[in-house]
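Peer 1: Turn this into a model:
(one chain, ligands or ions: 1)
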Amino acid sequence: MRASRFAASYGARVAVAESGRFGGTCVNVGCIPKKLFSYAAHVREDFHVAQSFGWTVGEPQFDWGTLLANKDREIARLNAVYESVLAKAGAQILRGRATVVDAHTVELGGKRHSARHILVATGSWPHLPEIPGRDLAITSNEAFHLEKLPRRALVIGGGYIAVEFASIFQGLGVETTLAYRGVHLLRGFDADLGERLAEEMRKKGVVIRLQTNPARLDEGIRVTYEDGTAQEVDLVMFATGRWPNTADLGLEAAGVKLAADGAVEVNAYGRSSVASIHAIGDVTNRLNLTPVATAEGMALAKTLFRDEPTAMDHDNVPTAVFSNPNVATVGLSEERARERHGRVEVYKTAFRALKLTLGAHEERTFMKLVVDAASQRVLGAHMIGADAGEIIQGIAIAVKLGATKAQFDATIGIHPTAAEEFVTMREMAS
Ligand code: NDP
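Peer 2: Numbering: from 1, shown residues only. Below is the predicted model:
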């Protein structure tokens, strides 16, 4: 979408081939419907908070059908908006599945189209481990269209999608287990985040089984784990990663080099091993986030059609995980910062948010700053708690600009907020 729009605005003649619905994973079976579901799941807690402020709330009832119908209506609206944005930008829309024939030719519906440049932005697809009975399980693709909510669900994995959907199911009243093969959730994030998120999710009722991996699934659904233990659930969802969508696209035959996982290998400017074929987004399996893909798309349009070679900067990209509670982060984890910078100073704080102080709520907000001891630059900012993504987005500007701890401290807090803690952390934790 973004690459096409910008390329067209720079004067290129653009055609877009799409076999599905416009907007890609994010709009159809990713970020947008996921966040709508996440809001729905959080509302359950809002009823309890409301009571602590004196409101009388009857027994809340949740209707999955209403949520699905409203979500589908909104997604259909977005599909139409996206398609019309492309059309208005002057892009020709080609409906159907395209394959690459050679460096300058794409085939679609038996017809060949030639182009000076070809851009592959076909995204990724859920990947499931090859265990017996895996066909009994679903992935996030299907989770967005379940006919009814299960009574008991098992989510497998410990990454973004696993913790987000475990939180969604639990919030909507499903008895939820999350089974993850590793020791800490969210591998690659600061270890404090994974550890504390597991604690917070457990407090809310999610059963989290670490170092536990399914060996087989049988009708029922009966899940047998590698350690021999077993469990019966009504729904199993694999959230075990997404792999680049390059199967049967004709890329290898056209000479495009793919990595072992199928990702298109590209240089800093998005160019593949074939000079006229480029790739952006999840299909390159670098940093698989929508805003990164759109930024890569804009960079490519500038490089190709504005004579302004632009390499994508993948450093200090902020990201949020819409689990309950939310997690957000920018910059380096403590572990990575120690590897890269040697001596670091760490500041941490954990507290109960003001909004939760009038009731029996156990959720703790957590914040952490990782500072380079030598330069005093803030290398990483990490948070678990309400609106973590909204807060870290602002902090990310400071981190991207190379702000020091002293500059954070010189910033006046907004009182009373949770975010002010990021500019008032005085006690070094280590
Ligand atoms: P992730 O890579 O985040 O997590 C995959 C999880 O599955 C990891 O915990 C991994 O374990 C585990 N896993 C992988 N293979 C196996 C296996 N064979 N058996 C058991 N467990 C396995 O992928 P997701 O599917 O959660 O999401 C895909 C990507 O989509 C994310 O990485 C992210 O880039 C993007 N995304 C972003 C979101 C956001 O911005 N909020 C939301 C959702 C997705 P281990 O850690 O041990 O490797």
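Peer 1: For the ligand, what is the nearest residue in the stretch 1-150 of the chain?
Peer 2: At 3.4 Å from the ligand, Pro129 is the closest residue in the stretch 1-150 of the chain, using CB to the nearest ligand atom. C-betas here are computed from N, CA, C, even on glycine.
Peer 1: can you tell me which residues contact the closest residue in space to that residue that isn't next to it in sequence?
Peer 2: Nearest residue to Pro129, sequence neighbours excluded (CB to CB, 6 or more residues apart in numbering): Thr240, at 5.8 Å. Neighbouring residues of Thr240 by CB atoms under 8 Å, 6 or more residues apart in numbering: 126-129, 156-157, 162.
Peer 1: Of the residues you listed, just the buried ones, PyMOL syntax please.
Peer 2: Selection of buried members from the contacts of Thr240 for PyMOL, criterion 16 or more other CB atoms under 10 Å:
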select buried, resi 126+156+157+162
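Peer 1: ok, now how distant is the residue nearest to Pro129 from the ligand?
Peer 2: Look at Thr240 and the ligand: by CB to the nearest ligand atom, to the nearest Å, they are 4 Å apart.
Peer 1: And the pLDDT at that residue?
Peer 2: As predicted, Thr240 sits at a pLDDT of 98.
Peer 1: my guess is Ala8 meets Gly90, correct?
Peer 2: Yes. Ala8 lies in contact with Gly90 (CB atoms under 8 Å); the separation is 4.9 Å.
Peer 1: which residues are in contact with both of those two?
Peer 2: By CB under 8 Å, 6+ apart, the residues touching both Ala8 and Gly90 are Val14.
Peer 1: And the two? Which one has more around it.
Peer 2: Ala8 (20 against 15; other CB atoms under 10 Å).
Peer 1: Can you pull the phi/psi pair for the more buried one?
Peer 2: Main-chain dihedrals, Ala8, degrees, to the nearest 10: phi -60, psi -40.
Peer 1: begin at 687 from here
Peer 2: Got it, the first residue is 687 from now on, which makes the last one we talked about Ala694.
Peer 1: bridging residues for Ala1014?
Peer 2: Ala1006, Met1069 (DSSP bridges).
Peer 1: per-residue confidence for it?
Peer 2: Predicted confidence (pLDDT) for Ala1014: 99.
Peer 1: likewise Ile1098?
Peer 2: 98.
Peer 1: so how many other residues sit close to it?
Peer 2: Ile1098 sits with 8 neighbouring residues when counted by other CB under 10 Å.
Peer 1: Tell me the secondary structure at it.
Peer 2: Secondary structure assignment for Ile1098 (DSSP: H, G, I helix; E, B strand; the rest coil): coil.
Peer 1: so what's the spatially closest residue to Arg895 that is not a sequence neighbour bridging to?
Peer 2: Among residues not flanking Arg895 along the chain, Ala865 sits closest, at 4.6 Å (CB to CB, 6+ apart). Beta-bridge pairing for Ala865 (DSSP bridges): Ile842, Arg895.
Peer 1: Tally up the residues packed near Ala865, please.
Peer 2: Using other CB under 10 Å, Ala865 is surrounded by 23 other residues.
Peer 1: just to revisit the earlier point, doesn't the residue of the stretch 687-836 of the chain closest to the ligand lie inside a helix?
Peer 2: No. Applying three-state DSSP, one finds Pro815 to be coil, outside a helix.
Peer 1: next one: stretch 873-880 to chain centre, how far?
Peer 2: With CA atoms, centre = their mean, to the nearest Å as the basis, stretch 873-880 stands 15 Å off its chain's centre.
Peer 1: What residues of it count as buried?
Peer 2: For stretch 873-880, burial by neighbour count (16+ other CB under 10 Å) applies to 875-880.
Peer 1: got it, and stretch 992-1010?
Peer 2: Judged by neighbour count (16+ other CB under 10 Å), stretch 992-1010 contains these buried residues: 996, 998, 1002-1010.
Peer 1: from the chain's centre, how far out does it sit?
Peer 2: That offset, for stretch 992-1010, works out to 13 Å (CA atoms, centre = their mean).
Peer 1: before we move on, the earlier item: which residues does the residue nearest to Arg895 contact?
Peer 2: Neighbour list for Ala865: 840-842, 895, 898-900, 909, 911 [criterion: CB under 8 Å, 6+ apart].
Peer 1: just Asn714 next, same as before
Peer 2: Residues in contact with Asn714 (CB under 8 Å, 6+ apart) are 706-707, 761, 765, 830.
Peer 1: can you pull the pLDDT of it?
Peer 2: On pLDDT, Asn714 comes in at 98.
Peer 1: now Val743
Peer 2: Value for Val743, per-residue pLDDT: 88.
Peer 1: And the one 5 residues further on, by the same measure?
Peer 2: Model confidence at Phe748, expressed as pLDDT, equals 97.
Peer 1: Equivalent analysis for the one 5 residues further on, please.
Peer 2: As summarised for this prediction, Leu753 has a pLDDT of 98.
Peer 1: next one: Ser1116
Peer 2: pLDDT for Ser1116: 80.
Peer 1: Do I have it right that the residue of the stretch 687-836 of the chain closest to the ligand meets Gly927?
Peer 2: No. Between Pro815 and Gly927 there is no contact under CB under 8 Å: 9.3 Å.
Peer 1: how long is stretch 917-927 end to end?
Peer 2: Across stretch 917-927, the terminal residues are separated by 23 Å (CA to CA, to the nearest Å).
Peer 1: same check, this time on stretch 795-814
Peer 2: End-to-end distance for stretch 795-814: 30 Å, by CA to CA.
Peer 1: Thanks a lot, see you next time.
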